[in-house]
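**Student:** Here is my input; please provide its structure:
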Amino acid sequence: MSMETLTIEKLGQSGDGVARGPFGPVYVSFTLPGETVALAVNKDRGTVMSMSDLSPDRVAPKCRHFGPDGENGACGGCSLQHASDSLYISFKRQLVVDALKSKALAADVAELVPAFPGERRRTVFTARRTEKELLLGYSQAESHHIVAISECPIASPGIVSRLATIRTVANAMAVNAEPFRVTVLETLSGLDLAFEGTKAMDDRQRRMAVETVLAQRSIARLSLNGEILVEPMKPMIEFGGVPVSPPPGGFTQATKPAEDRMGDLVTAHLGKAKRVADLFAGSGTFSLRIARKARVHAVEGDDRALRALDFAARNTQGLKPVTVEKRDLFRRPMMASELKFYDAVVFDPPRAGAEAQAKEIARSGVKKVVAVSCNPVTLARDLRILVDAGYRITSVTPIDQFLWSSHVETVATLEK
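**Tutor:** Here you go, the predicted structure:
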């Protein structure tokens, strides 16, 4: 470890300030470009000892738990609350711009669709029982320490107002002192609590957890490692007005405004397409919207998500036919020979992207493609494959739904 005084030159991809140290870049949390910082440097990480020349873009954080001086520790849920709106928005859009440039892709990137406080309907907490209390919050950045929270400006009021209830249920679910996760989804019928990482519960512990939930009026479902323990009400959300009950802990977009904007961009680009393949379809985020106007073949590797999509489609009037297929698109992508029957393809893969699938789309005759991604780097790689095959990028729209973090969604549309 050494002591250095350095100037922050830029923000890195994770939102940390980046300075040029004597042996390479040094990454410093909670700093901004232009600031001078005295640091304790360990390898490529710097811990701030003092600061000067504060950036004019530095603002007071919105949450008492944010930053090195945060209450109960530096909450790892946000990384950029200290940045002005203008710097933050520019930073997020630039992540997409830089990723495209790295693959020599010439495309105009639209302005970032912003996120706002209180929009997160889905959040993942970490919990652990101690001798004194049940800790519920977020892990401190680069640490296993749990920052117990009493507020969370990114989460919806429906979640924040029920933190005590979530803590009570988590206490009933804790079987030892090991940390575990609880995914909270605010649904139209109440909170869906999905616990993961706890050891098996005996019958007495299960009964206690169920009784705790039944004593509350705001819990729709309680599950443990995918198994439903009790479901007082079917948890329901809507995809484009179509009611869906997602599987326990299943993937949903973090905010409804971002999901709606992505859905609008997808359906607008598809236009009058009559047959659409929706790949990595999940529980139907896009499939059920598309089915208002076109036949959809939804492909997804998660059987539970696919069943939720299929049930919703079969029980909603006014939709075009929706067929479903369980398939691991990483190991067995839809081939070009299969895709030739479709007018358009939508794909929304996990962070790893869809390289193998993009290669098959590139070989197909599909005229319209929509690529939805939570990772600009893998998106740029996949777009490069399509552009090299003759596709033209018609729009790129970055969308924020993970407020004050470095994560950004992107919708890219292409035509051949």
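
**Student:** Give me the number of neighbouring residues for V48.
**Tutor:** The burial count assigned to V48 is 16, neighbours taken as other C-beta atoms under 10 Å. Every C-beta, even on glycine, is put in place using the N, C-alpha and C of the backbone.

**Student:** Quick one: end-to-end length of stretch 98-117, please.
**Tutor:** End-to-end distance for stretch 98-117, by C-alpha to C-alpha, to the nearest Å: 27 Å.

**Student:** now that stretch, how far from the chain's geometric center?
**Tutor:** 17 Å (C-alpha atoms, centre = their mean, to the nearest Å).

**Student:** tell me, what residue is most central in the chain?
**Tutor:** The chain has A254 as the residue nearest its centroid, 5.7 Å off, counting by C-alpha atoms, centre = their mean.

**Student:** so who does that one touch?
**Tutor:** For A254, the contacting residues are 120-123, 401-402, by C-beta atoms under 8 Å, 6 or more residues apart in numbering.

**Student:** what's the closest of those residues to M173?
**Tutor:** T123 (16.9 Å; C-beta to C-beta).

**Student:** helix/strand/coil for the closest one?
**Tutor:** strand (DSSP: H, G, I helix; E, B strand; the rest coil).

**Student:** In this structure it contacts C152, no?
**Tutor:** Yes - under the criterion of C-beta atoms under 8 Å, T123 makes contact with C152 at 7.4 Å.

**Student:** count of neighbours near T323?
**Tutor:** Other residues near T323 come to 12 when the count uses other C-beta under 10 Å.

**Student:** swap that for I8, please
**Tutor:** Using other C-beta under 10 Å, I8 has 24 other residues around it.

**Student:** need the contact list for it.
**Tutor:** So I8 contacts 17-19, 28, 31-37 (C-beta under 8 Å, 6+ apart).

**Student:** between the residues you listed, which is closest to A277?
**Tutor:** V18 (40.9 Å).

**Student:** Against C63, how distant is the residue lying closest to that closest one once chain neighbours are set aside?
**Tutor:** The shortest distance from V18 to any residue other than its chain neighbours is 4.6 Å, reached at G12 (C-beta to C-beta, 6 or more residues apart in numbering). Note on G12: its distance to C63, by C-beta to C-beta, to the nearest Å, is 22 Å.

**Student:** Ok, A298 next?
**Tutor:** Counting by C-beta to C-beta, the gap from A298 to C63 is 38 Å.

**Student:** who has more neighbours, these two?
**Tutor:** Ranked by neighbour count (other C-beta under 10 Å), A298 and C63 place A298 first, with 28 against 20.

**Student:** Give the helix, strand or coil label for that one.
**Tutor:** Here A298 is strand, with the state taken from three-state DSSP.

**Student:** was I right about it contacting T323?
**Tutor:** Yes - using C-beta under 8 Å, A298 is in contact with T323, at 7.1 Å.

**Student:** What is the subsequent helix or strand relative to the helix or strand containing R204?
**Tutor:** Per DSSP states H and E, R204 falls inside helix 203-214. Downstream of helix 203-214, the first helix or strand assigned by DSSP H and E is strand 219-224.

**Student:** Check which helices and strands the helix holding R204 sits against.
**Tutor:** helix 163-173, strand 219-224, strand 227-230 (3 or more C-beta pairs under 8 Å, 6 or more residues apart in numbering; DSSP states H and E).

**Student:** Show residues contacting the first one.
**Tutor:** Around helix 163-173, the neighbours that count as contacts under C-beta under 8 Å, 6+ apart are 125, 127, 129, 134, 136, 149-150, 152, 159, 180, 182, 184, 191, 193, 195, 198, 201, 205, 208-209, 212-213, 216, 218-219, 222, 224.
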